[in-house]
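**Student:** Need a 3D model of the sequence below.
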Amino acid sequence: IQPIQHLFSTGTTISVYTVTFIAINGCGSDTMTKLITVFPNTVDAFFTADTLSGCVPLTVNFSNTSIGNTSSSWDFGDGTYSNQSSPTHVFTQSGFFTVQLVVSDSCAYDTTSIGILVYPKPVIDFSISDDSVCVNDLISFTNTSPNPLVNPTWDFGDGTSSTAINPTHNYTTAGTFQVSLSGASVGYNCPNTFIKSVVILPTPISQI
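**Tutor:** Predicted structure coming up:
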């Protein structure tokens, strides 16, 4: 005998179905009955997020306000999951992610989802005319970022800075300095910083 599948449904109250099985052969027949009880779905999935968009890395706090559930399962859409009731998640990649919540009471389940948009950081780059010069030599810095930046700022690592697009600078002391260019993306205002080192050599001191 091949198994038979049948979908039983119910409304807002419990439904009881009587299933009758009749077996017949050349010698007669026999009948068996079973009761199938179908409980209503009292689980309602719902959640909110404290933000729906932002710059990477984006931290989102989710608040689970589902009704009737005893378990929760989250799919953040970026390959990570959680079984916490109201988790906090950090999106470390840019893109659009569909966050899905599945709640259950071990009898019924419900699901709901929302979209989270994560903006990328701007790509920042710059070149240096010479990354190894002597004290008081003039160095030129050129912003080679592929896209325009909002409020680009240079930090030369010696306590001085500049907002020029392509500044020049001279160091008055020897040492290794970390030069950084910071800025934000146009439209999304996502910040980023790029750093390179310059080596400033001391001037020779003659002794007799």
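**Student:** Quick one: residues contacting the residue positioned nearest the centre of the chain.
**Tutor:** Residue closest to the mean C-alpha point of the chain, counted by Cα atoms, centre = their mean, is Phe91 at 1.6 Å. By Cβ atoms under 8 Å, 6 or more residues apart in numbering, Phe91 lies in contact with Val56, Pro57, Leu58, Thr59, Val60, Phe76, Asp78, Phe97, Ile116, Val118. In this view, the C-beta of every residue, glycine as well, is placed from N, C-alpha and C.
**Student:** cool, Asn61 as well?
**Tutor:** Ala49, Asp50, Ser86, Thr88.
**Student:** cool, and Val19?
**Tutor:** The contact partners of Val19, taken as Cβ under 8 Å, 6+ apart, are Thr33, Lys34, Leu35, Ile36.
**Student:** Next, count neighbours for the last one.
**Tutor:** Meaning Ile36. 11 (other Cβ atoms under 10 Å).
**Student:** Just the contacts of Phe91: which are in strands?
**Tutor:** Leu58, Thr59, Val60, Phe97, Ile116, Val118 (DSSP state E).
**Student:** Separate out the buried members of the residues you listed.
**Tutor:** By neighbour count, with 16 or more other Cβ atoms under 10 Å, these hold Leu58, Val60, Phe97, Ile116, Val118 as buried.
**Student:** circling back to that earlier point, include distance to Gly175 when you put the contacts of Phe91 into CSV, please.
**Tutor:** Below are the contacts of Phe91 laid out as CSV (distance: Cβ to Cβ, whole Å):
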residue, distance to Gly175
Val56, 34
Pro57, 33
Leu58, 38
Thr59, 37
Val60, 42
Phe76, 45
Asp78, 42
Phe97, 45
Ile116, 45
Val118, 39
